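A.B. asks: After the sequence you'll find the predicted model.
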Amino acid sequence: MAPSHKNRPRGFSRKAQYGLFATYVLTIAGAIFAGLLLIISVIDPTGFSALRIIGTEITAPIARLFDSLRRSANDLGGNTSAYLDAASKNRALEKQVKKNRIRLIEATAIKLENKRLRGLLKLKHEETGHIAIGRLISSSAASSRRLATLSIGANFGIRSGQPVRGPDGLIGRVIETGPTTARVLLITDANSPVPVMRAKDGTPASGEGLSNGLVIIRPVNLGLNPFKIGDIIVTSGNGGLFRPNIPYAIVLRKTADGAIARPLATPATSPYAMVLPIYEEYALATQAQPADQPIANEPIP
């Protein structure tokens with residue numbers, strides 16, 4: 001009777017026995033081959049060197065393949081790391097550029113403000129008899145009337161009719177006053193005529209606002225239009241309201257009966273304004289005083 005499967009030994013499988021036998025054979029063959037190589041290297045070093053070169057040539061393609069795979073993996077990792085690092089640096093640079101842009105804008109604004117203040121300070125020393133200095137806190141640019149609000153009023157000696165100028169030139173005149181504010185009729189308003197003249201030769205003319213940010217200059221002598229592009233127009237002092245030689249406008253183009261000009265001072269470019277006394281009153285006060293005694297200036301707030 002054949003033995004049952006339960007009683008068979010674990011090594012009974014022929015496949016397992018063949019596999020174990022093949023392992024032994026390969027191990028012994030490898031040991032013999034290694035021994036032969038060792039003997040050859042001792043007996044015939046030149047021949048062993050040739051064998052070593054042949055082995056190197058045979059295994060070179062495989063080595064190249066693994067080396068290429070290794071380099072590709074390293075490059076991939078390096079590129080990934082560089083990309084992540086570059087993205088991080090770009091974000092940091094963008095933040096820095098944004099901060100620098102804000103600082104540049106602030107520095108430009110401060111520089112412009114300092115320029116305006118220096119111009120106003122220079123004007124303060126040049127202008128004698130001014131009443132007060134304030135800020136133009138608002139202005140109209142879209143309506144048919146051109147008005148501005150001054151941050152000083154009757155408490156500072158401001159009253160209706162007084163001229164208002166900035167560092168660059170004439171802005172307008174006061175038409176209404178409150179305790180701490182005053183309304184200014186700008187020279188660009190259609191109801192704001194100003195006696196003017198050409199600065200280089202004193203040619204008399206009249207300036208009037210066009211309610212669009214520009215003014216029109218009309219010569220007093222009709223039929224004679226001597227104005228040219230670039231001519232500087234100043235106040236003439238006629239009428240007794242505005243002092244003479246206050247910068248008024250610059251001619252942009254010539255027309256059939258005069259010229260279109262751009263005001264040299266506007267609330268947008270001259271946020272600070274100086275209120276002057278009416279010219280006739282100032283002239284009378286100057287004539288009434290001794291020549292060696294200057295008119296006392298009122299304190300500036």
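C.D. replies: That came in fine, so what should we check first? Numbering: from 1, shown residues only.
A.B. asks: residues near L241, how many?
C.D. replies: Around L241 there are 19 other residues, counting by other CB atoms under 10 Å. Where you see a C-beta, it was placed from the backbone N, CA and C, and this is true even at glycine.
A.B. asks: On the pLDDT front, check it for me.
C.D. replies: On the pLDDT scale, L241 is placed at 90.
A.B. asks: what's near enough to touch it?
C.D. replies: L241 makes contact with G161, P163, R173, I278, Y279, E280, according to CB atoms under 8 Å, 6 or more residues apart in numbering.
A.B. asks: if you set the cut-off to 7 Å instead, what comes out?
C.D. replies: L241 sits next to G161, P163, R173, I278, Y279 when contact means CB atoms under 7 Å, 6 or more residues apart in numbering.
A.B. asks: what do you get for G213?
C.D. replies: T188.
A.B. asks: Let me see the ranges of the strands in the stretch 51-200 of the chain.
C.D. replies: Assigned by DSSP state E, counting those that start in this stretch, the strands in the stretch 51-200 of the chain fall at 132-139, 147-150, 163-166, 169-177, 182-186, 194-198.
A.B. asks: now the ones you listed as JSON lines including mean pLDDT?
C.D. replies: Shown next, in JSON lines, are the strands of the stretch 51-200 of the chain (pLDDT from 0 to 100):
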{"stretch": "strand 132-139", "mean pLDDT": "86"}
{"stretch": "strand 147-150", "mean pLDDT": "90"}
{"stretch": "strand 163-166", "mean pLDDT": "90"}
{"stretch": "strand 169-177", "mean pLDDT": "92"}
{"stretch": "strand 182-186", "mean pLDDT": "93"}
{"stretch": "strand 194-198", "mean pLDDT": "93"}
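A.B. asks: for those, which one ends up most surrounded?
C.D. replies: Greatest average neighbour count among the strands of the stretch 51-200 of the chain goes to strand 163-166 (a mean of 26), per mean count of other CB atoms under 10 Å.
A.B. asks: Name the surrounding residues that touch that strand.
C.D. replies: Contacts of strand 163-166 (CB under 7 Å, 6+ apart): 150, 170-174, 184, 241-242, 246, 265, 270, 272-276.
A.B. asks: Swap in 6 Å and give it another go.
C.D. replies: I171, G172, R173, V184, F242, I246, A265, S270, A273, M274, V275, L276 (CB atoms under 6 Å, 6 or more residues apart in numbering).
A.B. asks: how near is V215 to A22?
C.D. replies: 111 Å (CB to CB, to the nearest Å).
A.B. asks: and these two? which has more neighbours close in?
C.D. replies: Relative neighbour count places V215 above the other of V215 and A22, with 29 against 10, counting by other CB under 10 Å.
A.B. asks: on that earlier part again, I'd like the strands of the stretch 51-200 of the chain as TSV, with distance to I28 appended.
C.D. replies: Formatted as TSV, the strands of the stretch 51-200 of the chain follow (distance: least, CB to CB, whole Å):
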stretch	distance to I28
strand 132-139	106
strand 147-150	110
strand 163-166	109
strand 169-177	112
strand 182-186	113
strand 194-198	120
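A.B. asks: Retrieve the pLDDT associated with L284.
C.D. replies: On the pLDDT scale, L284 gets 55.
A.B. asks: Report how many residues lie close to the nearest residue to A199 once chain neighbours are set aside.
C.D. replies: Once flanking residues are discounted, A199 sits nearest to I232: 4.3 Å by CB to CB, 6 or more residues apart in numbering. Per other CB under 10 Å, the neighbour tally for I232 reads 15.
A.B. asks: which one among the contacts of strand 163-166 gets closest to K89?
C.D. replies: Distance ranking of those against K89, using CB to CB, places S270 first at 45.3 Å.
A.B. asks: All good on my end, thank you.
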